[in-house]
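1. pasting the structure only:
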């Protein structure tokens, strides 16, 4: 190629490269263009909408939400993308915001980035009349918005939404770096022992940071009891300290069981997510970003961090209470522990009946308080009536059972005829508002009882103590066998005696006593005498010497007498007997009639009554046999 | 649905709470007699309170196991309530033929007789009264064996309880546990375990699940139930 050709090619190449750079530069520095989307476009008070702003040619940090009066914007995420196509590089970023409204109305959100279109958000009043409708309403008059709860229920009498609480809020104590909180709402902090008060328990979960709720809140405080919580709590979205939370709400009843200044907490197990840097990326303040650029932070975030889950327990701030014991002064005898405010009424199922027919006496206790302590104040031992044990059922007026009506029903059978009057029923309770005991009673009830047809079984009502119970006839057609005659007495417990400590201890003590006694018997006086005899039996030395003297003198009579005494002691020690019990018969029975030791006893016996001929007896031989161990086995 | 669940949970939390008073039942009985419990069961059955009636009949049978009327009425009410009993699977209970206190005392007497007879024979083995001692010892042993058999027969009843309100038996002892089956009111179940405010029960079909403590009442109440 000629010099001019080379130069021409060089110029063309340089121009092409220059043009590419200009195009890239232009593409990279082109005016950014963007979009913004809103979902949903219509919400109710207390709900949130999501605004996503996307911008080309800018970074996520350069995106900012517009300022709109009446709306709160909370960033929930960012993303960036770098794209290179045919040598053209483009950069785009997006930011997502959660929008909460402070009041109902129609809001126009202007474009946050060039090229985006404005979007319109409609906020309607929501829940049970929460807040005042209309964009012109003063801010803060709505339902339970972010941070609400300082004095709920006071905003022009409007009730909070069903999924929000009307009780005063306690402090919000965050856990896990603000991922969750447990908050208590209590009606009051001073109460009496046994008094029940409504309590609302709120558990706030930060979206995206809390993986799961692993159980309902649990009471931590041995001075209190908490009614069981509902399986499915109410739920709502709430902004707390500028961050979106899903708040779960349980309603329950709290009772104090002992006096004092005591506190409690509520704890909830959760699983939270958090990022930990991977090994090898740990230097500097931003270990996951070697390039220190927000684009690369987002792009490589998943590569540099591990997403870890951890189970934790979140606790509420301690709630302190002043718990007073119920006063003992002025306590009625009929008081059974009911605390609250109650009213009573009673009625009979029939105004007239025949003697022997069952009637039902119904007592209604209505109001608010600890209905579990409202025990039956029904009638017992009423002259002219046979009473049975009452039953109870509770009809709550609210979801926690603080208000409602408890109905007691007691079967009665008149045992007399005539116009019978049931006495009033007394009911007493302690009112924590007035701080004193209150006593109420129902009006007496009169019923006309006709004599039973064809049977003089029923007598006039006795004037003194009621007569022993007579078996009531079974109501016709109920398919049940009739009642039994009741007698006095009975057991104070259904627990079998062997299931009680005393019931097990008594036979155990008897067995131990028998065992000790048996052991003593085995080692008793006879046994001790036997042992003494055994010890004495071992003293055989004198008899051995007597045998030797008899051998020297060649005196078989004396020899066999001494040999017998020697063997009696030796065998007594071996057989653990008294020497007196080692006789010819016992030796013969144990060793056999042919045994040599038995022969010694026979010869000794003969020597007692007739002299033995020394020429016929080899005393040396017999002496040797006797001195051998006489441990011959007994004949079996 | 949620309101119904909330109402049910609130009702469970407050109703029949007086029935968990420990030794005294919800109906303020201070002494238990078979006749009084049987009559109370009849009254409850006639009032339509089948769960309470079943509980009273079960208790009456504990004190008078041979009472045919109590057994018959219990079967009638269980049929009406559509409830079963875990006791039907336990053949050993049929050996319970008398009141537990009486058989316990008989066992004590038998233990005394057998023990003293054995000791006397050991102390005076060649006494002329040995045959009589042998007889006394055998009688005592018989009484003792009868008492032990009765104790074994009534031991399962200590775990029995009656479900007072229909409850959902869940897989775990939490309100949010998955429901395995429904236990009808009046069902006699066996209490296998406890955790917090829940019992692990076993029903007549052998199924196991967790139910709230407040909806269950033991046949033999304990002071620790309150």
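-> Yep, that arrived. Being a predicted model, the structure only gives us computed values, none of them experimental.
2. now residue A:179: how far from chain B?
-> Distance, residue A:179 to chain B, by CB to the nearest CB, to the nearest Å: 20 Å. Placement of C-beta: from N, CA and C, glycine included.
3. that residue is in contact with residue A:211, isn't it?
-> No. Residue A:179 is beyond contact range of residue A:211, at 9.9 Å (criterion: CB atoms under 8 Å).
4. which single strand of chain A contains the most residues?
-> Secondary structure of chain A read by DSSP state E shows that its longest strand is strand A:260-277.
5. run the chain-centre distance for the helix or strand where residue B:191 lies.
-> In this structure, residue B:191 sits in strand B:188-195 according to DSSP states H and E. Taking the mean of its C-alpha atoms, strand B:188-195 sits 12 Å from the chain's own mean (CA atoms, centre = their mean, to the nearest Å).
6. higher neighbour count, residue A:179 and residue A:211?
-> Using other CB atoms under 10 Å in any protein chain shown as the criterion, residue A:179 and residue A:211 rank with residue A:179 on top: 23 against 16.
7. grab the nearest non-local neighbour of that one.
-> residue A:209 (4.0 Å; CB to CB, 6 or more residues apart in numbering or on different chains).
8. what pLDDT does that neighbour get?
-> Residue A:209 carries a pLDDT value of 80.
9. likewise the one 5 residues further on?
-> Per-residue confidence for residue A:214 comes out at a pLDDT of 81.
10. same check on residue A:271?
-> 83.
11. so who does it touch?
-> A:210, A:211, A:212, A:214, A:309, A:310, A:311, A:312 (CB atoms under 8 Å, 6 or more residues apart in numbering or on different chains).
12. show me what the fifth one is bridged to.
-> Put plainly, it is residue A:309. Beta-bridge pairing of residue A:309 under DSSP bridges involves residue A:273.
13. in the stretch 501-636 of chain A, which residue sits nearest chain B?
-> Going by CB to the nearest CB, chain B is nearest to residue A:514 of the stretch 501-636 of chain A, at 4.1 Å.
14. quick one: secondary structure of that residue?
-> At residue A:514, secondary structure determined by DSSP: H, G, I helix; E, B strand; the rest coil is helix.
15. quick check, it in contact with residue B:120.
-> No. The criterion here is CB under 8 Å, and residue A:514 misses it with residue B:120 at 11.5 Å.
16. find residues that contact each of those two.
-> By CB under 8 Å, 6+ apart, no residue touches both residue A:514 and residue B:120.
17. helices along the chain, start to end?
-> Just so you know, I chose chain A. A:3-28, A:294-299, A:301-304, A:501-522, A:525-537, A:541-553, A:556-575, A:584-591, A:596-609, A:619-627 (DSSP state H).
18. my bad, chain B
-> B:2-14, B:34-46, B:50-63, B:68-81, B:100-123, B:130-154.
19. could you list the buried residues of the fifth one?
-> The neighbour-count check on helix B:100-123 (16 or more other CB atoms under 10 Å in any protein chain shown) flags B:100-101, B:103-104, B:106-108, B:110-121, B:123 as buried.
20. the last one now?
-> Residues of helix B:130-154 classed as buried: B:133, B:136-137, B:140-141, B:143-144, B:146-151, B:153-154 (neighbour count, 16+ other CB under 10 Å).
21. check the residues you listed against chain A, which are close?
-> Contacts with chain A are made by B:151, B:154 out of the buried residues of helix B:130-154, judged by CB under 8 Å from any CB of the partner chain.
22. name the member of the buried residues of helix B:130-154 with the shortest distance to residue A:422.
-> Taking CB to CB as the measure, residue A:422 sits nearest to residue B:154 out of the buried residues of helix B:130-154, at 40.5 Å.
23. contact partners for the closest one?
-> Residues near residue B:154 by CB under 8 Å, 6+ apart: A:496, B:62, B:93, B:96, B:100.
24. swap in residue B:202?
-> Contacts of residue B:202 (CB under 8 Å, 6+ apart): B:86, B:189, B:190, B:192, B:208.
25. show me the residue at the heart of the chain, geometrically.
-> No chain in the question, so chain A it is. residue A:218 (8.9 Å; CA atoms, centre = their mean).
26. oops, wrong one, chain B.
-> residue B:157 (3.4 Å).
27. surely that residue meets residue B:62?
-> Yes. Between residue B:157 and residue B:62 there is a contact under CB under 8 Å: 6.1 Å.
28. need the residues touching each of these two.
-> B:219, B:220.
29. ok so, going back, looking at the contacts of residue B:154, which is nearest residue A:107?
-> residue B:62 (72.0 Å).
30. so how far is residue B:149 from that closest one?
-> According to CB to CB, to the nearest Å, residue B:62 and residue B:149 sit 16 Å apart.
31. cool, residue A:331 as well?
-> Residue A:331 is 50 Å from residue B:149, by CB to CB.
32. quick one: low-confidence parts of the stretch 401-550 of chain A?
-> A:453-478, A:488-489, A:524-538 (pLDDT under 70).
33. give the contact list for residue B:32.
-> Contacts of residue B:32 by CB under 8 Å, 6+ apart are A:490, A:491, A:492, A:493, A:494, B:59, B:63.
34. quick one: the strand holding residue B:191 near chain A?
-> No. Figure legend: strand B:188-195 not in contact with chain A (CB under 8 Å from any CB); closest approach 12.0 Å.
35. that strand - contacts with which helices or strands?
-> For strand B:188-195, the packing partners by 3 or more CB pairs under 8 Å, 6 or more residues apart in numbering or on different chains; DSSP states H and E come out as strand B:160-163, strand B:198-202, strand B:216-218.
36. residue A:118 versus residue A:37, what's the distance?
-> In terms of CB to CB, residue A:37 sits 12 Å off from residue A:118.
37. give me the more crowded residue out of these two.
-> Remark: of residue A:37 and residue A:118, residue A:37 carries more neighbours, 15 against 12, as counted by other CB under 10 Å.
38. give me the spatial nearest neighbour of that one, chain neighbours excluded.
-> With CB to CB, 6+ apart, the residue lying closest to residue A:37 is residue A:52, at 5.0 Å.
39. the one you found pairs with what?
-> residue A:37, residue A:96.
40. that one against residue A:93, yeah?
-> No. Shown here, residue A:52 and residue A:93 do not form a contact pair, counting by CB under 8 Å, at 11.3 Å.
41. what number of residues lie near residue 64?
-> No chain in the question, so chain A it is. Per other CB under 10 Å, the neighbour tally for residue A:64 reads 13.
42. um, chain B though
-> Count around residue B:64 with other CB under 10 Å applied: 20.
43. you'd agree it is up against residue B:99?
-> Yes. If you go by CB under 8 Å, residue B:64 and residue B:99 touch, sitting 6.9 Å apart.
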